[in-house]
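Q: give me a model of this one.
(chains A, B and C)
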Amino acid sequence: MLEINDLVVAYGPVKALDGVNISVPKGKITAVLGANGAGKTSLLRSVSGLVKSRSGNVVLDGTDITKKPVEDMVRLGMAHVPEGRGVIAELTIEENLRLGGLFRKESDAEEQIEGVYKQFPPLDSRRKRSAHTLSGGERQMLVVGRALLAKPKVLLLDEPSLGLAPLVVNQIFTLVRELVDSTGLAVLLVEQNAKSALGIADTGVVLNLGKVVATDDAKALAADEGLRHAYLGF
Amino acid sequence: MTTDSTSGATTPAGAQGSTSNPTPGSRSDSDPKVTAAEGPVRTPGSRLLGSTLVRHTALMLAAYVGIVLLLELVSPFRGSQIGEMAYFVPAVAGLTLLTGLNGQISLGHGALMAVGAYTTAVILEVREDLPFQLVVLIAVIVTSVVGAVVGAAAARLHGPYLAGATLALAVGLPGLALTFEERLGGEQGLRVSPPSSSVNFESFIQGTLGFELSSQKYIAYVGWALALIVLFVLSNLIVSRYGRVWRAVRDDEVAASLAGINLGRARVLAFVVSAACAGVAGAMIAVITRLTAPTTFTIVLSISLLVAIVIGGLGSLVGAIIGSALLVFLRPAVTNLGLDNGLDAAAAANIAPLVYGIVLILVMLLAPRGLVGSIRFAYLTRKAGRQMKAAQQSR
Amino acid sequence: MQQFLNLTLNGITIGFIYAAFALCLVLIFRATRIINFGQGAQAMFTTYIALEVIQRGGSYWLALPIALISGFLLGAFVERVIIRPVETGPEINAVIVTLGIFIGLIALASVVFGNTFEGFVAPFSVRGLTFGDTNINITPNNIYNIVAVLIAMTSLLVLFRFTSLGLQMRASAFGQEVARLLGVRVGRMLTLGWALAGMFGSLAGILIAGGGFISPAFMDGVVVFGFVAAVLGGLDSFIGAVVGGLVLGLTTVYVQGYVGQELQTLAALGILITVLLVKPGGLFSSTVARKV
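A: Numbering: from 1, shown residues only, chains lettered A, B, ... in the order given. Modelled structure (predicted):
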């Protein structure tokens, strides 16, 4: 569904990504792991176009999206939940969700939003409240729900577990797994919490200093103690 | 500009860190560069300062001789233009110190010039016999005091808030002249009696250069003498500890205050210095044009000062001089262009401000360091590149 | 007492116009974090365009929409062509650019339209209303001014709260990057913000002009008053702009009535300094905790 080929991203003389190749197939969760500074966030930001890549390309469902502007991504079927979640705190919960579904071709926005409320009950009771009143976990639910409203083919998730309690992390991850299994969504998950990520992922990609050092089935990676100690911190 | 959803509600005053900086102005000519490769390290302070002072004094004296020669050689019209520069140069130089070096943008310096001018006019009206030098001194003191008050109020303001406050000052201060009509002449303004030329100065000129001194030329000589004195003082301030403090406050408030610098005091001082310069300029305008009226000190004047420093590159005294020259020589040129093309006098007079507006926009869009500043930046970068290569090769 | 009442009514009327102008500044500030010092000059220019229409035989009710549309287009042009390159740089660059617009447009108007004062027709009577025996100092034109501003404000409110376009504009203002990720064409929203502000400014210009005289510099005072009003209300708040406008309106009218016309601007300056030193965020500063 999403192919990342030989991607090079540089900030001046510093290469954040140095020729990265990753494949994100339909109906699977591909987890990108590695220490801070390994290039994980730069990866997602250049895939969605917030950052221009130096060379290489990104292909979404057959279309080359490397040079396309960020604003086109949702229309092309890719949703990106950024690092820090990206809740627009001044807007209400309902307004945040509405934004998610604005650019879909179908006109069943209301229905879909109701669906999100069903999936995330804590959001339901506070629809008209300003989003800044939400806790970390609720915000994560909000942005995931918002991203899904665009009915994407590919979902980019940047460190969803950041700052969340383990129970909540579990909830979110389980939810994502269910979605992938039921709808065939392709997910590119960037995580520092490698253990939990590998628990739900199908494939794991390990980045170190901008290069891919390992790509393997998630369970195999989790079992490889040497690799785990070297790059993943557990 | 903040672009993400985590920016806080903007507070204009107080520490705003480095988001409120102007583009780094070009460094002054006289930054002392002491590198290990140059030989034994000099003791900082006296010796260094001594050589800079001497250098500046020599420069100023040479410049004065040059200007006197120029004034004698050119046509009376050009001569009067050079005389006009004499009152722009201090104002623009003072503003370049305030905005370029210290990062405070002010739209109110036209109003400060008005303070200097009106003070001069009122004094000369009351005591016609006072020597010019004393009158200027009083005007400078009064303007400095006003500058201190404004500076204190403005010390905590940044960027657009400072611009807005000084804009209000520029628009509002002329109102005072209208309110106190009898004293300050109202709409018509005050006539300014020409100051008594110092007899010693006249005979000095007559003796050394051998000719009569017309009152107009006397004013131009004195004006330029004052302008050069201002430049001298400013150029030394810029190299001194004060200059470094002002730059530090401009570049990084937090670091500066952590280093023990009193931000407010530094800012007010910069304001006072620039106000004093505006006072000198105002006094000179009063005497050269023989009139002070609200219509001279409009917002257009303040903005034209801004144009001069923008062209010159914020923070460069050389740029300030070039900018002043541009102001003085451009205005009649474009006005004549308008008249030649069939515009009436009033319309033609507005071509200059139109050009100013366009220049401000274009320079900010194309060369934010100002024209002089961009050239200097290119020169400095190339120089740094060469030094780096030399250092690498000598390893 | 009578004078106080009259002044108060006057103050409220003009306060609404200042509020409209403050609203444009807030609109632009929320969108691009820039204070457009050239806003007054833009409004002045479109008022002159309206004057041209009237002088060529058009009615006021033709000139008004033409002025509003010109304001819209001019605002869009200014943002797209002049402001866009400096939106992301150092603050001072944007300030200088808007000052260039300020002085440039005023000079251009002087060249094109002339420098003298010209009368501008008022659409309604400018004679005070009479109720029985008493004369109150409010004219039908004043009422028109207030109603016009209220209609404009309500439309803006509806646009922002209830339309998809308004939602996109707010998203662009509060979370530019996130909005882009969600598919909002942020650039267009910023341009739209400036265009709407331009339109509002034009309305303020025409309302002020009605029944009086215009000259290229006639909006200079309004820029100062509108700016102070916006800062007083808190540059992020629409309600603040309205309240600020009313305060400024009343203040300037009282100063004019009890002290002297020439000191209005200095009074506004006094308010500005006080606000910035005491409560820099303004009366209605939003204290939304920006946690993630």
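
Q: same for the helix or strand encompassing residue C:194, what does it pack against?
A: Assessed by DSSP states H and E, residue C:194 sits inside helix C:186-209. Taking 3 or more Cβ pairs under 8 Å, 6 or more residues apart in numbering or on different chains; DSSP states H and E as contact, the helices and strands that helix C:186-209 lies on are helix C:2-32, helix C:39-55, helix C:60-77, helix C:140-162, helix C:164-174, helix C:176-181, helix C:220-233. (Each C-beta comes from the backbone N, C-alpha and C, glycine too.)

Q: dump these to a markdown table, plus distance to residue C:112 and mean neighbour count.
A: Shown next, in a markdown table, are these (distance: least, Cβ to Cβ, whole Å; neighbours: other Cβ atoms under 10 Å in any protein chain shown):
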| stretch | distance to residue C:112 | mean neighbour count |
| --- | --- | --- |
| helix C:2-32 | 23 | 23 |
| helix C:39-55 | 8 | 25 |
| helix C:60-77 | 14 | 19 |
| helix C:140-162 | 27 | 16 |
| helix C:164-174 | 33 | 21 |
| helix C:176-181 | 37 | 25 |
| helix C:220-233 | 18 | 28 |
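
Q: the helix holding residue C:194: what's the following helix or strand?
A: Under the assignment DSSP H and E, the closest C-terminal helix or strand after helix C:186-209 is strand C:213-214.

Q: one step back: so for the helix holding residue C:194, mean pLDDT?
A: What helix C:186-209 shows for mean pLDDT is 94.

Q: need the helices and strands packed on helix C:186-209 in JSON lines with distance to residue A:130 and mean pLDDT, can you?
A: Formatted as JSON lines, the helices and strands packed on helix C:186-209 follow (distance: least, Cβ to Cβ, whole Å; pLDDT from 0 to 100):
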{"stretch": "helix C:2-32", "distance to residue A:130": "16", "mean pLDDT": "88"}
{"stretch": "helix C:39-55", "distance to residue A:130": "30", "mean pLDDT": "94"}
{"stretch": "helix C:60-77", "distance to residue A:130": "29", "mean pLDDT": "95"}
{"stretch": "helix C:140-162", "distance to residue A:130": "14", "mean pLDDT": "90"}
{"stretch": "helix C:164-174", "distance to residue A:130": "11", "mean pLDDT": "91"}
{"stretch": "helix C:176-181", "distance to residue A:130": "16", "mean pLDDT": "92"}
{"stretch": "helix C:220-233", "distance to residue A:130": "20", "mean pLDDT": "90"}
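
Q: could I get those helices as a markdown table with distance to chain B?
A: As requested, the helices and strands packed on helix C:186-209 are arranged in a markdown table below (distance: least, Cβ to the nearest Cβ, whole Å):
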| stretch | distance to chain B |
| --- | --- |
| helix C:2-32 | 7 |
| helix C:39-55 | 9 |
| helix C:60-77 | 13 |
| helix C:140-162 | 18 |
| helix C:164-174 | 6 |
| helix C:176-181 | 4 |
| helix C:220-233 | 5 |
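
Q: and of those, who's closest to residue B:258?
A: Between residue B:258 and the helices and strands packed on helix C:186-209, the shortest separation by Cβ to Cβ is 29.2 Å, and it involves helix C:220-233.

Q: next secondary structure after the closest one?
A: Downstream of helix C:220-233, the next assigned helix or strand under DSSP H and E is helix C:238-258.

Q: tell me if that following helix is near chain B.
A: No: contact between helix C:238-258 and chain B, assessed by Cβ under 8 Å from any Cβ of the partner chain, is absent, since the two come no nearer than 10.5 Å.

Q: that helix packs against which elements?
A: Helices and strands touching helix C:238-258, as assessed by 3+ Cβ pairs under 8 Å, 6+ apart, comprise helix C:2-32, helix C:140-162, helix C:220-233, helix C:264-278.

Q: where does the stretch 151-300 of chain B have low pLDDT?
A: The model of the stretch 151-300 of chain B has pLDDT under 70 over residues B:193-216.

Q: count of residues packed around residue 213?
A: Here I'm looking at chain A. Residue A:213 has 14 neighbouring residues, counting by other Cβ atoms under 10 Å in any protein chain shown.

Q: sorry, should have said chain C
A: By other Cβ under 10 Å, the burial measure for residue C:213, its neighbour count, is 11.

Q: that one contacts residue C:121, correct?
A: No: with contacts counted by Cβ atoms under 8 Å, residue C:213 stays clear of residue C:121, the gap being 11.2 Å.

Q: using CSV, list the CA coordinates for the helix or strand hosting residue A:112.
A: Assigned by DSSP H and E, residue A:112 falls within helix A:109-119. This file holds the C-alpha atoms of helix A:109-119, laid out as CSV (Å, rounded to 0.1, in the frame of the first residue of the first chain):
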residue,chain,number,x,y,z
ALA,A,109,-20.0,12.6,8.0
GLU,A,110,-22.7,12.8,10.8
GLU,A,111,-23.0,9.0,10.8
GLN,A,112,-19.3,8.5,10.9
ILE,A,113,-18.9,10.9,13.7
GLU,A,114,-21.5,9.0,15.7
GLY,A,115,-19.5,5.9,15.0
VAL,A,116,-16.4,7.5,16.6
TYR,A,117,-18.4,8.5,19.7
LYS,A,118,-19.6,4.9,20.0
GLN,A,119,-16.0,3.7,19.8
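
Q: residues contacting that helix, please?
A: Applying Cβ atoms under 8 Å, 6 or more residues apart in numbering or on different chains, the set of residues contacting helix A:109-119 from outside is A:94, A:97-98, A:101-102, A:123-124, A:127, A:145-146, A:148-149, A:151, A:175.

Q: would a markdown table of the residues you listed with secondary structure and pLDDT be doable?
A: Below are the contacts of helix A:109-119 laid out as a markdown table (DSSP: H, G, I helix; E, B strand; the rest coil; pLDDT from 0 to 100):
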| residue | secondary structure | pLDDT |
| --- | --- | --- |
| A:94 | helix | 90 |
| A:97 | helix | 91 |
| A:98 | helix | 89 |
| A:101 | helix | 85 |
| A:102 | coil | 86 |
| A:123 | helix | 85 |
| A:124 | helix | 84 |
| A:127 | coil | 84 |
| A:145 | helix | 89 |
| A:146 | helix | 91 |
| A:148 | helix | 88 |
| A:149 | coil | 88 |
| A:151 | coil | 87 |
| A:175 | helix | 85 |
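
Q: contacts with chain C among the residues you listed, please.
A: Checking the contacts of helix A:109-119 against chain C (Cβ under 8 Å from any Cβ), the matches are A:98, A:102, A:146.

Q: name only those of those residues that count as buried.
A: A residue is treated as buried here by neighbour count (16 or more other Cβ atoms under 10 Å in any protein chain shown); on that basis the buried members of those are A:98, A:102, A:146.

Q: ok, the first one touching residue C:170?
A: Pointing back at residue A:98 there. No: contact criterion Cβ under 8 Å: residue A:98 and residue C:170 do not qualify, at 11.2 Å.

Q: okay, strands next: where are they in the chain?
A: Using chain A. With DSSP state E as the definition, chain A shows strands at residue ranges A:2-11, A:14-24, A:29-33, A:55-60, A:63-64, A:78-81, A:154-158, A:186-191, A:203-208, A:211-217.

Q: actually it's chain B I care about, not the one you picked
A: Along chain B, the segments classed as strands by DSSP E run B:190-191, B:291-292.

Q: columns distance to residue C:97 and mean neighbour count on top of these, output as CSV?
A: Putting these into CSV (distance: least, Cβ to Cβ, whole Å; neighbours: other Cβ under 10 Å) gives the following:
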stretch, distance to residue C:97, mean neighbour count
strand B:190-191, 36, 18
strand B:291-292, 32, 22
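
Q: looking at those strands, which is nearest to chain A?
A: Proximity to chain A, assessed across those by Cβ to the nearest Cβ, is greatest for strand B:291-292 (50.9 Å).
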